[in-house]
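In: here are the coordinates; sequence isn't available:
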């Protein structure tokens, strides 16, 4: 028997005799060249597995390569590297040819962006960021949270992207004009479509802005926006700015999701025809500020026409409107939001956004905490402004007896302190006086601690039927609280 050969087979390999510190140094050099080195070394033998798992330095380079692995596998990889690399900072790289996948790929790592040392992208474009130069890093003196995300829906020229993505040594021109992370802590991405919530780890962002890009043919829809919001449970501020296009599907294969945003405080919807579908599927019990801007359109919005909802019938007031279809959609959307959420709204701004008279009345009757109402370029009629006048209970039903106590008075929007009317051309000055002067007299006569708030500011500008005589009467009643 050849005992020398047998002994040679039993003798451990030379690397097995190396000190652990030297093995770690070798592995670290390997990890610098091979993105998945840690996964390889820990699968060789038990000793290497223990060394690799106990060496955070081997896990600090996180290369998420979507050209080789699906997003689900990348999520598992990201979670593992995030755990094993503690407490080291991270060098994060995303490799993908599809810009729409960047947010999905990064989602497991985004809550820990303060630990990132560098960030890079390749494939659809080349970008290199030193995260230590940004205020997001935990290593700067006064770090700020990475809590804001902006998504711009943009029609990429993929031929141009391919050319940019081949520039391995220099950053793509677009990455310099539009960096993923900015100096003020914003994460911004341009996508051709919103990511699916099923491919996202729930996002930590508290501020989200979605914008349909300027002069582009690429649009989103209510289903995609609501699905995206399902992945953003921590939102406090949501802004959507679109275009007034009615290419929304009349029906979807499955019902639109009902999205619960328990922390949302500010909602801003601007320039879109999907207002009703968005507002009708949100639950926002903490919403205190609602801004609706540039929602009026003169064409029929077929995707907003439902049947069977309470209030969908024609407006009995039959008041004139230049935008009857969008007025209907906005009013019904707001009704749904208030009915479902009962939000403590304190600020309502409507800029080139209108409702029917019956919707104004319904809404005013259900906003007891509203402190500020601003409306611009509205076709609201005298009937709407008259809703702000104090009445005694039963008067609107035809009763003629005067009230015997203040408890019998009815005042819509009892906490209203600031009222701004701008370019409301169908309001007559006499109707404004008939509503606001009695209200001011009544609320001014109540104690400061009373349930009714006094006017702090009334601004009426560019309302053609409100002339100098009306302004004089308002000034006499309100003093410096009135401006024109």
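Out: On my side now, so go ahead. These numbers were taken from a predicted model, which means no experiment stands behind them.
In: rest of the way, CA atoms for contacts and neighbours
Out: OK.
In: how close does residue 438 sit to residue 375?
Out: Distance, residue 438 to residue 375, by CA to CA, to the nearest Å: 21 Å.
In: Give me the more crowded residue out of those two.
Out: A direct count of neighbours by other CA atoms under 10 Å for residue 438 and residue 375 places residue 375 higher, at 21 against 16.
In: contact partners of the strand or helix carrying the more buried one?
Out: In this assignment (DSSP states H and E), residue 375 forms part of strand 372-376. Contacts of strand 372-376 from elsewhere in the structure, counted by CA atoms under 8 Å, 6 or more residues apart in numbering, are 346-353, 416-424.
In: at 10 Å what do you get?
Out: By CA atoms under 10 Å, 6 or more residues apart in numbering, the residues outside strand 372-376 that reach it are 289, 291-294, 345-354, 413, 415-425, 455-459, 461-463.
In: Now which of those would you call buried?
Out: Buried members of the contacts of strand 372-376, scored by 16 or more other CA atoms under 10 Å, are 289, 291-294, 345-354, 413, 415-425, 455, 457-458, 463.
In: related to what we said a few turns ago, and the strand holding residue 375, how far out from the chain's middle?
Out: Relative to its chain's centre, strand 372-376 lies at 22 Å (CA atoms, centre = their mean, to the nearest Å).
In: Can you pull the poorly scored residue ranges out of the stretch 151-300 of the chain?
Out: By pLDDT under 70, the low-scoring segments of the stretch 151-300 of the chain are 156-175, 214-218.
In: In it, what residue spans correspond to strands?
Out: If DSSP state E, counting those that start in this stretch is used as the criterion, the strands of the stretch 151-300 of the chain fall at 186-191, 207-212, 237-241, 259-260, 266-270, 282-283, 289-293.
In: in its sheet, what does the fifth one sit against?
Out: Spelled out, it's strand 266-270. Paired neighbours of strand 266-270 in the sheet (DSSP bridges): strand 237-241 (parallel), strand 289-293 (parallel).
In: how about TSV for the ones you listed, with distance to residue 137 added?
Out: Converted to TSV, the strands paired with strand 266-270 look like this (distance: least, CA to CA, whole Å):
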stretch	distance to residue 137
strand 237-241	23
strand 289-293	31
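In: mind checking which of these is nearest residue 55?
Out: For the strands paired with strand 266-270, the distance to residue 55 is smallest for strand 237-241, at 40.2 Å, taking CA to CA.
In: Show which residues not belonging to that closest one make contact with it.
Out: Everything outside strand 237-241 that qualifies as a contact, by CA under 10 Å, 6+ apart, is 148-152, 205-213, 225, 229, 232, 261, 263-272, 275, 287, 289, 291, 293-294.
In: Just the buried residues from the residues you listed, in PyMOL please.
Out: Only the buried entries of those go into this PyMOL selection, using 16+ other CA under 10 Å:
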select buried, resi 148+149+150+151+152+205+206+207+208+209+210+211+212+213+225+229+232+261+263+264+265+266+267+268+269+270+271+272+275+287+289+291+293+294
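In: what lines up beside the strand holding residue 375 in the sheet?
Out: strand 347-351 (parallel), strand 418-422 (parallel).
In: Show the contacting residues for the residue nearest to residue 41 when sequence neighbours are not counted.
Out: Excluding the flanking residues, the one nearest residue 41 by CA to CA, 6 or more residues apart in numbering is residue 48, at 6.2 Å. By CA under 10 Å, 6+ apart, residue 48 lies in contact with 16, 20, 23, 24, 27, 38, 40, 41, 42, 54.
In: Please identify which of these is nearest to residue 467.
Out: Distance to residue 467 across the contacts of residue 48 (CA to CA) is lowest for residue 38, with 77.4 Å.
In: Tell me, how many residues neighbour the closest one?
Out: Neighbours of residue 38 (other CA under 10 Å): 27.
In: Next, residue 65: phi, psi?
Out: Here is the backbone geometry of residue 65 (degrees, to the nearest 10): phi -100, psi 100.
In: So the closest residue to it other than its chain neighbours, which state does it fall into?
Out: Nearest residue to residue 65 in three dimensions, chain neighbours excluded: residue 95, at 4.6 Å (CA to CA, 6+ apart). Secondary structure state of residue 95, per DSSP: H, G, I helix; E, B strand; the rest coil, is strand.
In: my guess is residue 95 meets residue 35, correct?
Out: No. The criterion here is CA atoms under 10 Å, and residue 95 misses it with residue 35 at 11.4 Å.
In: returning to what we had before: would you mind giving the strands paired with strand 372-376 as a markdown table with mean pLDDT and distance to residue 181 added?
Out: Listed next are the strands paired with strand 372-376 as a markdown table, based on pLDDT from 0 to 100; distance: least, CA to CA, whole Å:
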| stretch | mean pLDDT | distance to residue 181 |
| --- | --- | --- |
| strand 347-351 | 98 | 31 |
| strand 418-422 | 98 | 38 |
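In: will you turn those strands into TSV that also has distance to residue 243?
Out: Shown next, in TSV, are the strands paired with strand 372-376 (distance: least, CA to CA, whole Å):
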stretch	distance to residue 243
strand 347-351	15
strand 418-422	24
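In: Minimum distance to residue 382: which of the ones you listed has it?
Out: Evaluated over the strands paired with strand 372-376, closeness to residue 382 peaks at strand 418-422, with 12.6 Å, by CA to CA.
In: C-terminal to that closest one, what's the next element?
Out: helix 429-444.
In: Can you mark which positions in that next one are buried?
Out: Buried residues in helix 429-444 (16+ other CA under 10 Å): 429, 431-440, 442-444.
In: Stretch 123-142 too?
Out: Here stretch 123-142 shows 123-129, 131-132, 134-139 as buried, counting by 16+ other CA under 10 Å.
In: List just the nearest of the residues you listed to residue 176.
Out: Nearest to residue 176 out of those is residue 127 (CA to CA; 7.9 Å).
In: in the stretch 251-400 of the chain, which spans are helices?
Out: Under the criterion DSSP state H, counting those that start in this stretch, helices of the stretch 251-400 of the chain are mapped to 275-279, 324-341, 357-364, 382-385.
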